[in-house]
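Trainee: For reference, the sequence and a predicted model appear below.
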Amino acid sequence: MDFILHDKETIAEMLTSIGVNSLEELFQDIPADLLLKKLNLPHGLSEPDLLRRLEELSHKNKIYSSSFLGAGCYYHYIPSLVDFVISLSGFYTAYTPYQAEASQGYLQAIYEYQTAITRLTQMDVTNASMYDGSTALAEAAIMATVATQKKKLILLEGIHPEYVEVVKTYCWGQDIHFEIVMEDTLISKLDESVAAVLFQSPNFFGDIENVTELVQIIRDKAPKCLVVQVMTDPTCLGVLKPPGKFDIDIFVAEGQSFGISPSFGGPGLGIFASKQKYLRKMPGRLIGKTNEIDGEREGFILTLQTREQHIRREKATSNICTNQALCALASLIYLVSLGKTGLQEIALQNFQKSHYVKQKLATIPGYQILNKKPTYNEFLVKCPNVNELIEQCKQENLLPPLIISKYFPDMKDIVLVCVTESNSREDIEKFIHAAQKASNKNIGGN
Amino acid sequence: MDFILHDKETIAEMLTSIGVNSLEELFQDIPADLLLKKLNLPHGLSEPDLLRRLEELSHKNKIYSSSFLGAGCYYHYIPSLVDFVISLSGFYTAYTPYQAEASQGYLQAIYEYQTAITRLTQMDVTNASMYDGSTALAEAAIMATVATQKKKLILLEGIHPEYVEVVKTYCWGQDIHFEIVMEDTLISKLDESVAAVLFQSPNFFGDIENVTELVQIIRDKAPKCLVVQVMTDPTCLGVLKPPGKFDIDIFVAEGQSFGISPSFGGPGLGIFASKQKYLRKMPGRLIGKTNEIDGEREGFILTLQTREQHIRREKATSNICTNQALCALASLIYLVSLGKTGLQEIALQNFQKSHYVKQKLATIPGYQILNKKPTYNEFLVKCPNVNELIEQCKQENLLPPLIISKYFPDMKDIVLVCVTESNSREDIEKFIHAAQKASNKNIGGN
Amino acid sequence: MTSNLTLIFNKGTKRSQHNFIPEMDIDKVDLLKIIPSSFQREDLPLPDIPEVKIVRHYTELSRKNYGIDSGIYPLGSCTMKYNPKINEVITRLPAFFQIHPLQEENQGALELIHQLSELLIEITGMDGFTFQPAAGAHGELTGILIMKKYFENKNLKKNKILIPDSAHGTNPSSAKMAGFSIIEVRSNDAGEIPLDHIEFAMQQGDVAGIMLTNPNTLGIFDRQIKDITNIIHKYGGLCYYDGANLNPMLGICRPGDMGFDIIHLNFHKTFSTPHGGGGPGSGPVGVIKELVPYLPGPHIIATEQEFVCREKTNNSIGRIKCFWGNFGVIVRAYAYILALGAEGLKRVGQMAVLNANYLRVLLKEKYHLPYDRICQHEFVLSDRGIPNEVTTEDIAKRILDYGLYAPTIYFPLIVKGALMIEPTETESKASLDNFVNVMNKIYNEAKTAPELLKNAPHNTPVKRLDAVLAARNPILHD
Amino acid sequence: MTSNLTLIFNKGTKRSQHNFIPEMDIDKVDLLKIIPSSFQREDLPLPDIPEVKIVRHYTELSRKNYGIDSGIYPLGSCTMKYNPKINEVITRLPAFFQIHPLQEENQGALELIHQLSELLIEITGMDGFTFQPAAGAHGELTGILIMKKYFENKNLKKNKILIPDSAHGTNPSSAKMAGFSIIEVRSNDAGEIPLDHIEFAMQQGDVAGIMLTNPNTLGIFDRQIKDITNIIHKYGGLCYYDGANLNPMLGICRPGDMGFDIIHLNFHKTFSTPHGGGGPGSGPVGVIKELVPYLPGPHIIATEQEFVCREKTNNSIGRIKCFWGNFGVIVRAYAYILALGAEGLKRVGQMAVLNANYLRVLLKEKYHLPYDRICQHEFVLSDRGIPNEVTTEDIAKRILDYGLYAPTIYFPLIVKGALMIEPTETESKASLDNFVNVMNKIYNEAKTAPELLKNAPHNTPVKRLDAVLAARNPILHD
Ligand SMILES: Cc1ncc(COP(=O)(O)O)c(C=O)c1O
Ligand SMILES: Cc1ncc(COP(=O)(O)O)c(C=O)c1O
């Protein structure tokens, strides 16, 4: 199939208007030897054939009835309003709102997104979105080095390992040095030369840091050092004290939990917020409220574009252009659909349900919860028989937890379990049951 | 959950404005003994719980990878544009377009539907839709008796048995008599007293009637008798000569094949068309083109409403009010998406593919094709072992054909097979294979 | 005059459109071997239209159409309420959307229908339901045919039926289709039904019963409803309840308790399934125990193991529609009831009535309110006292200019120049206040600038259209 | 001044919103047992908003926004083409939409990525792809980092890069993020790159290569492209192709054949995935064989039995994004390529160029066309000769009044007052003619009624907005 509109007669007519004799003549600037003979690709497919093909392909992936896997991508219920709104063609078939007056709908929506995020995080300002949590963290790292004019970063152990890799790639690009340190050695590593300390909380292993303490330590030892927090599942902010209340300088998060489907890990949403004083150092688009030049009404417009690449080119705060607008819209709809009541309750259920599973697992012989700090919806469990647990989960049609040795080869027999509000009591009982069976097998000597 | 907007404060404020003290007071006209204590129903469910519940319930129905069942409800590919358009909230959240000036979008769409149907059928006029094929046929029957002032109908054998039942119910309501006759006895039954002959082609058993001959016979014997044709899968009109070319008086069809999901048999679409001279006897809404009263522009409006119940009350041509507007819109989008090329090709594929299956089955021992006339996408097959065929189909994940004895207990060991463009070669081979296995089993003495 | 309209048929090209045709994967045979040429059509006057043009055409049309997602839709008697988005998801679940009505493995669908029946029995106070009817009027026909059959079985010749003058047009029309002749009951000054008329009519012996809606189309709950149904029953008659106005009664009062024997519901009104611009609807019919055998078949029965389908009984009026009714609509209604539950449904009734009365008291300040009393779901204004001979139609058209939809007009017939207003429970106070505001502005305009109303609308895609011309010279297709 | 705006935050009520919260089915424990109170927030300043209000609010906002379904979107360099509706269905297939990036049973997803890689290799003439980059600029960064690593590995200090003055802002910006400093190449009068400049630059020894797009942002195909890449290669440099303008080259000419070593694609431009109002996009990067080991990992390899995931090689630049890239966008691009096939893709290239040239010849009658020659996907007009000091911005704003969207303005920087127009292949002749018509009308208005333009737009929800005020006093949230 195709989406071409001209019939032969129309093409002929248009060629005449242009003053050429053939379509080939339109490509006269291309040297003959560069002209392609023929693309060696299959014939096109019609819609029914295409759909059948893709359905069959998709069936090679497995969908589970419930998931105990998180690790940076989470299953939360997505209100029907989210897909309804992002499917309105005025939204998803638009471009970046360069012509403000014909794009007030989207501009207002993103301004509302910025409002929702600043309220949620209690940070001063937030941009219109970054690609995802990992790149947002990398951009935060770079921003910190620009703001402080220093080239050294400290990453606290516990950041999502893939985020660390991304930060590493970006930092290498700009000759920024970084070191990953354990919490207890942090003080010893801090000095004047450090641009920022980056930490994740709740961290990759599930631990919720004592942010007050952490910030205090940093401020005491290195007053000019920025503190950057990252979060992979910000639904916890329904209950947890927000970064703005901890004097965090830059806060970033992966927004996928806010109404975006897992979709094999992308698209997600990079949430990026900072203190007011760093505004002009911030990467990414910003929507501002303004007035009509000759009128009384208010409206919205892309603003502070002089930070951006299309004006400042190599002096821009970042190279980002296309961002994740539709995902930001999705997350806005998620947040306003749930509202205060909903987000609080969701966070509460995540706390309660994962706590429940933690306690249940702890009573099964062979299992040991490794977290010493409070946790949100993820925690580390030492298992009597990891492979058997995975197997049992699959038999129950449950997406098994992460075997943590995938990222940390030294951490043997440990899984990272994720429990959210989307796991029903029944799902949870199945999981406990699977864990029990895996324990029995092991004791039985299997 | 609920869709209530007022908080307590607002309710109190509004009660004050009204001048009552409580919500209860608003129901002061209801005698106390009629006031309900409490609905004995479960608590409401939130969206996630509701969706989970309904998903689980739906899973108790089986979806097959391919279908060989038709009998009034057909699997044809539905272009993506159909759901896109009917999901535009300006369409599906609207009411009947009483205020024409604020409803030009829908009015134009239904006017386009009327245009598409008259072009397709070559009938003079068509209404804006009836409930479905069966009720459209019943209304056609009644209309014929009104137009002719006669109270007797002849139904030719071969009309969908459920349609016959519906016609029977409606006719009984109005003391109209009808008889079902075999084609060969038709002539002998025809006389002055007959209001109309109703026939289906392609009929329930798959036969395509020789309509020219049939109409000739009726016109010769009973010149004032109306000829009413019904069709359950009008995709055949991509190839078949349309009713308008056969001098049919009233044509009705089930429009489900035109872009409407099977959905357990409803909603469908009653297509209703007739000769110009019966226009004012027609049931159902009509959209007409007109002009602005004080302007130059054209627009669309509900017209000839004096036939309708809200004006004429008991003297109306029908009691129909809400019809199947959104389904008519779906079928319009189906027809314009496929276009001339598409509809012709779809009809062609139905002819070819069912012909292929017919020929293949005929070569398997024990199977016999019973149709003597040409067929479209359905045909009757005598089987060596019906139950085994059904079983084998299920094992191949194919929705088995209809066991015709469901409707005609005397017709033993016969199935009505339906093959459409949606059956791929692979599906078809599976079906043939299933038939073969059923035949072998039988010969093997199972 | 060049037309301002471009129909989709004018957007075709000479290029064939293949996007939606699967590739033919079977060897073709000559079509003439399958079907003679005399059976084949010569031409098919449909255009081939590129996908892009179709999408843009209908996107534009949809924006030229008001819907409940645009704002208040105060059409009285139509209960235009918000349609929950989740229901559109649920009805499209593949194992509902793709299943065939004649397939065997259908337990989910049968269970759903059976459960819904149980829920409705509780909500309405009836004893059994059929889901075949495709809309309200279709339900009426079904219900009235049940009446007919009932008396036929009893060998009683009762071919007349009482219908109040405030009734919707479908009531007399449906009764007529079932072979009844109609006796119109004149409402009294309170908008209610005079008991003596009914008593008198029933005494004649040939009246099958009564068909009415309560609250009626004036929005008034007939305080003597129990007396009415008692009288009908006393003479062996049956009472039919037009459920189009059930919304304000949800969780408050049940037709069964009022004494009705047969009722229909409009899922597309009370139970929030989208009207779809005029359907598809669903008009299930409920009856008291004695009449259950008269329902159209087949019936769904729950056994210990499964849900089974019983063919219709001998008393059944027979089928009223092919297959199972508008299942896709039924699914939405089921989801809606499960979502709201007992408390939610009662809230619907309460808030619908609160909203209607709020509008009533605010609007009656300027507009004439012929029946000035507490209303239920709706109330009816009249054009009496509107200055400068401005008509009800003028007001309606002017409302469109303010970006809102107009009330039902010129119905019920018993109020001259009626404006029938039903806000439903899904309007906020802000939305109601805005409506009042607009109505008040219009009243002032009627005083000071009547031409503005007489030529209205001005801000719509077309100005006021000529209905007379349309009917005199019907152009019904291109 | 009372505001004309109502934000969603002003639509809350004091009633809690429970529609989207599953019922808690586990016994609760005191939250303080899980988490100390000092960790808990005090208040959450989000409103509780009823569902109906949310739906209406965003329905209204969507109607205040122009999209490709509304009509032509001639933003040069952005390739705003029709987004097939079927792709929205396909990307939402549950076994794509619901799968976790870390789940094991993911063969369908891996196969899709692998197949798409094969398809793109044929389309572009490269040898390997990564799908991690989330947009074009992200792809640029990835590509330039590959360059950096390549020279690092060779122990060569090449920290400069050539970028033409016509380049998109992301090019220099991305290069900078990879630690390069930029040497701007001044285009010649034909809009092409002067070979001698390049040769000279490369001779200096510290230049890593060049970054360019061809056809360039003027819509001009650089006829000496092969010479350019040859010169770069002669000095051991690498050539980077900004694929944002690949659309007109589909099936016509391949970056690989032009001599490029690294390219990125913009799925949201060339491959028809929706721009979504500014993302999500997808910017896969392709490289020649020698550079395949430098791609971010992990890589997907097809073995006989299955698709497996190999961790990144030692040469790899490392991860550039978490997980697999914007998979949902990738699925759409894959579907688009399968749908079009070889012939369809070539047709895209041809029709895109046909449409651009058609507009070019018709518009140059009134507007100044600085580079007057056959163009490819787009062409650039300037404001020279527009009467009465009407500016490019004025013209753009006036276009909005006619219900269309404006071209890209003031870019590329090398054309003063640029109007950069790219119609794409999914506009009909009627749509193009309409655009010309509007542009001609505007030209005449500039002559006869310039105020109409200077105060434009007039028919939009707001009049021209004050960008200076916005930047001077940034109000970024409520
Ligand atoms: C009071 C009343 N009764 C019956 C009906 C008929 O219902 P339907 O349109 O579903 O056939 C309506 C609908 O407008 C109505 O308002
Ligand atoms: C020529 C050119 N290069 C690069 C880009 C950047 O692509 P993206 O917006 O996807 O980051 C664009 C997008 O506007 C472009 O037009």
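Mentor: Sure thing, it's come through. Ligands and ions are numbered 1, 2, ... in the order given.

Trainee: C-alpha only now, for contacts and for neighbours.
Mentor: Fine.

Trainee: who touches residue 327 in this structure?
Mentor: Chain wasn't specified; assuming chain A. Applying C-alpha atoms under 8 Å, 6 or more residues apart in numbering or on different chains to A:Cys327 gives the contacts A:260, A:267-269, D:279-280.

Trainee: Chain C, not that one
Mentor: B:263-267 are the contacts of C:Phe327 under C-alpha under 8 Å, 6+ apart.

Trainee: Try it again at 6 Å.
Mentor: B:Gly266 (C-alpha atoms under 6 Å, 6 or more residues apart in numbering or on different chains).

Trainee: which SS state does the nearest residue to C:Lys312 once chain neighbours are set aside fall under?
Mentor: In space, and not counting its chain neighbours, C:Lys312 is closest to C:Gly297: 4.0 Å by C-alpha to C-alpha, 6 or more residues apart in numbering or on different chains. In three-state terms, and counting by DSSP: H, G, I helix; E, B strand; the rest coil, C:Gly297 is coil.

Trainee: quick one, what contacts the closest residue to ligand 1 within the stretch 151-300 of chain A?
Mentor: Nearest to ligand 1 in the stretch 151-300 of chain A, going by C-alpha to the nearest ligand atom, is A:Gly259, at a distance of 36.4 Å. Residues near A:Gly259 by C-alpha under 6 Å, 6+ apart: A:78, A:330-331, A:334.

Trainee: let's go with 7 Å and repeat that
Mentor: A:78, A:82, A:330-331, A:334 (C-alpha atoms under 7 Å, 6 or more residues apart in numbering or on different chains).

Trainee: who in chain C is up against chain D?
Mentor: For chain C, the residues in contact with chain D (C-alpha under 7 Å from any C-alpha of the partner chain) are C:52, C:55-56, C:59, C:69-70, C:82.

Trainee: just for chain C, where's the confidence low?
Mentor: Within chain C, the stretches with pLDDT under 70 are C:1-3.

Trainee: at 50 what do you get?
Mentor: Applying pLDDT under 50 to chain C flags residues C:1-2.

Trainee: Can you pull the residues of it lying near ligand 1?
Mentor: Proximity of chain C to ligand 1 (C-alpha under 6 Å from any ligand atom) is limited to residues C:77-78, C:135-137, C:168, C:170, C:242, C:244, C:266, C:281.

Trainee: among those residues, which ones are buried?
Mentor: When the residues of chain C next to ligand 1 are checked for burial by 16 or more other C-alpha atoms under 10 Å in any protein chain shown, the buried set is C:77-78, C:135-137, C:168, C:170, C:242, C:244, C:266, C:281.

Trainee: And the strands in chain C?
Mentor: Taking DSSP state E to define them, one finds strands in chain C at C:128-130, C:160-164, C:181-185, C:207-212, C:238-242, C:262-264, C:285-287, C:299-302, C:307-310, C:379-381, C:408-409, C:419-421.

Trainee: Tell me which of these sits nearest to D:Asn315.
Mentor: Counting by C-alpha to C-alpha, D:Asn315 lies closest to strand C:307-310 out of those; the figure is 64.2 Å.

Trainee: What residues sit buried inside stretch A:312-322?
Mentor: Those would be A:312-322, for stretch A:312-322 by 16+ other C-alpha under 10 Å.

Trainee: Next: stretch A:174-192.
Mentor: A:174, A:176, A:178, A:180-181, A:186-187, A:190.

Trainee: and it, average pLDDT?
Mentor: Averaging the model's pLDDT scores along stretch A:174-192 yields 95.

Trainee: any idea how far chain C is from the residue of the stretch 151-300 of chain A closest to ligand 1?
Mentor: A:Gly259 sits 15 Å away from chain C, going by C-alpha to the nearest C-alpha, to the nearest Å.

Trainee: in a strand, that's where that residue is, yeah?
Mentor: No - read with three-state DSSP, A:Gly259 is coil and lies in no strand.

Trainee: Please report how far it lies from ligand 2.
Mentor: 23 Å (C-alpha to the nearest ligand atom, to the nearest Å).

Trainee: re earlier: Serialize the strands of chain C to a markdown table and add fields for distance to ligand 2.
Mentor: Shown next, in a markdown table, are those (distance: least, C-alpha to the nearest ligand atom, whole Å):
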| stretch | distance to ligand 2 |
| --- | --- |
| strand C:128-130 | 56 |
| strand C:160-164 | 67 |
| strand C:181-185 | 70 |
| strand C:207-212 | 64 |
| strand C:238-242 | 59 |
| strand C:262-264 | 56 |
| strand C:285-287 | 57 |
| strand C:299-302 | 57 |
| strand C:307-310 | 55 |
| strand C:379-381 | 56 |
| strand C:408-409 | 50 |
| strand C:419-421 | 51 |
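
Trainee: These: which one's closest to A:Lys241?
Mentor: Taking the strands of chain C one by one with C-alpha to C-alpha, strand C:419-421 is closest: 48.6 Å.

Trainee: Now do the closest one: which elements does it pack against?
Mentor: Applying 3 or more C-alpha pairs under 7 Å, 6 or more residues apart in numbering or on different chains; DSSP states H and E, one finds that strand C:419-421 contacts strand C:379-381, strand C:408-409.

Trainee: and chain A, which of these is closest to it?
Mentor: For chain A, the closest of the helices and strands packed on strand C:419-421 is strand C:408-409, at 29.6 Å, according to C-alpha to the nearest C-alpha.

Trainee: Please identify the pairing partners of the closest one and their relative orientation?
Mentor: Here strand C:408-409 is paired, per DSSP bridges, with strand C:419-421 (antiparallel).

Trainee: list the contacts for the closest residue to C:Ile49 other than its chain neighbours?
Mentor: Of all residues not flanking C:Ile49 in the chain, C:Gly12 sits nearest, at 4.3 Å (C-alpha to C-alpha, 6+ apart). Residues near C:Gly12 by C-alpha under 7 Å, 6+ apart: C:47-49.

Trainee: Go again with 8 Å.
Mentor: Residues near C:Gly12 by C-alpha under 8 Å, 6+ apart: C:47-50.

Trainee: Redo the residues of chain C next to ligand 1 as CSV? Include distance to chain A.
Mentor: Conversion of the residues of chain C next to ligand 1 to CSV gives the following (distance: C-alpha to the nearest C-alpha, whole Å):
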residue, distance to chain A
C:Ser77, 28
C:Cys78, 25
C:Ala135, 27
C:Gly136, 29
C:Ala137, 32
C:His168, 35
C:Thr170, 35
C:Asp242, 33
C:Ala244, 28
C:Asn266, 25
C:Gly281, 22
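
Trainee: Neighbour-wise, which one of the residues of chain C next to chain D leads?
Mentor: Ranked by the number of neighbours (other C-alpha atoms under 10 Å in any protein chain shown), the residues of chain C next to chain D place C:Tyr82 first, at 27 neighbours.

Trainee: Contacts only, for that one.
Mentor: By C-alpha under 8 Å, 6+ apart, the contact list for C:Tyr82 reads B:3, C:68-69, C:272, C:426, D:52.

Trainee: please redo it, this time with the cut-off set to 10 Å
Mentor: The neighbours of C:Tyr82, taking C-alpha atoms under 10 Å, 6 or more residues apart in numbering or on different chains as the test, are B:3-4, B:93, C:67-69, C:71-73, C:272-274, C:424-427, D:51-53, D:55-56.

Trainee: Can you list which of the buried ones among the residues of chain C next to ligand 1 are found in helices?
Mentor: C:136-137, C:170 (DSSP state H).

Trainee: Before I go, just wanted to say thanks for your time.
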